[in-house]
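Engineer: predicted model, plus sequence, below.
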Amino acid sequence: MRPFELAYICLEPFLPVEKCQVRRRLLAVVGSLEQSPSILDVGGRKSHYTIGIPASITISDLPREEKLQEELNLGVTRDMIKTLYARRSNVHRVVFDDMTCSAFRDNSFDCVLAIEVLEHVEADVSFVKEVYRVLKPCGVFFMTTPNGDYVPNTNPDHKRHYKGSELKSLLERYFQEVDVEYAVRDGIFYRMGRKSLSVKRPVQTGLSMLGNIINLLQSSPGTLRNQVRGTCHLVATTRKLSEVI
C-alpha cells in the first residue's frame, strides 16, 4: 500500500460517514466474490472508498469540460488521472466512458460501483441496463444515492432524488435480487462533518472530525435500514443471476 492510502485509512473515522461505510461494505461485497475480482467504479474520480480493497479497480468517468463540472467537482482531468495513478496501488486503469452507452464489453466485471452517481444521470434506465450488461453472471452492483424520501434536491446537477421504492423498482427492471436500505443519520453531527478539513482552519477541522466520529457511531450499518425519515442516503446492493435481460 502506498503512503497516501495508508494515511487515508488512518484518517477514515474522521471523514464523512458515507465514505467510511462504503469502503467497509465494499470489503464485505468483495469477500463474497472470487479471489482478486475486477471492479468498475463508475463516476469514481478519485475513488477513495476503494483504497485497500483487494481487487483490480477500473475507474470510468466523464471528462471535465464545463464550468459547472468544475464548480461541483464533477468529471476528471488528465492531471487528476496522473495524480491518481501515483497515489494508488490497486487502480488498474482510468478511462473516459459514459455508462448510459458504455464501450465496455459484456460480462467484463465482477462488481460495478456507482457512489452518488445515479442522481446525476438523466437516462437512468439506460445506465442500469448497461451496468447489468457489463457485469459477469453472479456479479454485484453496489450504489448509493441521496434519500429522496427525506433529502430535498437543491443541487443544480441532480436530475432527481429517488425514494426508496422508486430506486428498488428501477433496479428490479434488470436485476432479480435487489436490496435497498436507508443509511447515515441526519442531524447536527452530520452537518458538522460536512465542513471541509484544512490545516488553515484548525478549529473548524477539529469540529468536523468530531462530528464525523459521532455520526459514525449514530449510523451503524443495519440500524437505520428501514428509517425513511432522518436519513441522508440510500444504499442498494444487487446481484446479476442470469444472462437474460
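Structural biologist: It's in.
Engineer: tell me where the protein has strands.
Structural biologist: With strands called from DSSP state E, the chain shows them at 38-42, 56-61, 91-96, 109-115, 135-146, 177-185, 231-239.
Engineer: can you spell out which helices and strands pack onto the fifth one?
Structural biologist: Counting contacts by 3 or more Cβ pairs under 8 Å, 6 or more residues apart in numbering; DSSP states H and E, strand 135-146 is packed against helix 17-31, strand 109-115, strand 231-239. Using the backbone N, CA and C atoms, a C-beta is placed for each residue, glycine as well.
Engineer: what packs against the longest one?
Structural biologist: What that stands for is helix 17-31. Secondary elements touching helix 17-31 (3+ Cβ pairs under 8 Å, 6+ apart): strand 109-115, strand 135-146, strand 177-185, helix 202-218, strand 231-239.
Engineer: for residue 7, which of these is the nearest?
Structural biologist: helix 202-218 (14.3 Å; Cβ to Cβ).
Engineer: got the contact list for the residue lying closest to residue 90 once chain neighbours are set aside?
Structural biologist: Leaving aside its sequence neighbours, residue 90 sits nearest to residue 57 (Cβ to Cβ, 6 or more residues apart in numbering; 5.2 Å). The contact partners of residue 57, taken as Cβ atoms under 8 Å, 6 or more residues apart in numbering, are 39, 41, 44, 47, 50, 88, 90-92.
Engineer: and these, which are buried?
Structural biologist: Neighbour-count burial (16 or more other Cβ atoms under 10 Å) is assigned, among the contacts of residue 57, to 39, 41, 44, 47, 50, 88, 90-91.
Engineer: so which of these is the closest to residue 119?
Structural biologist: Nearest to residue 119, judged by Cβ to Cβ, of those is residue 44 at 15.2 Å.
Engineer: quick one: contacts of the lowest-mean-pLDDT helix or strand in the chain?
Structural biologist: Per-element confidence for the chain was summarised using mean pLDDT, DSSP states H and E. The lowest value among helices and strands belongs to helix 67-71, with a mean of 80. Contacts of helix 67-71 with the rest of the structure, by Cβ under 8 Å, 6+ apart, involve 62, 64, 74-75, 156-157.
Engineer: how many other residues sit next to residue 35?
Structural biologist: Residue 35 sits with 7 neighbouring residues when counted by other Cβ atoms under 10 Å.
Engineer: next one: residue 51
Structural biologist: One way to gauge burial is a neighbour count; for residue 51, by other Cβ under 10 Å, it gives 24.
Engineer: surely it touches residue 23?
Structural biologist: Yes: checked against Cβ atoms under 8 Å, the pair residue 51 and residue 23 is within contact range at 6.9 Å.
Engineer: who are the contact partners of the nearest residue in space to residue 185 that is not next to it in sequence?
Structural biologist: In space, not counting the residues next to it along the chain, residue 185 is nearest to residue 218; the distance is 4.4 Å by Cβ to Cβ, 6+ apart. Listed by Cβ under 8 Å, 6+ apart, the contact partners of residue 218 are 185, 187, 189.
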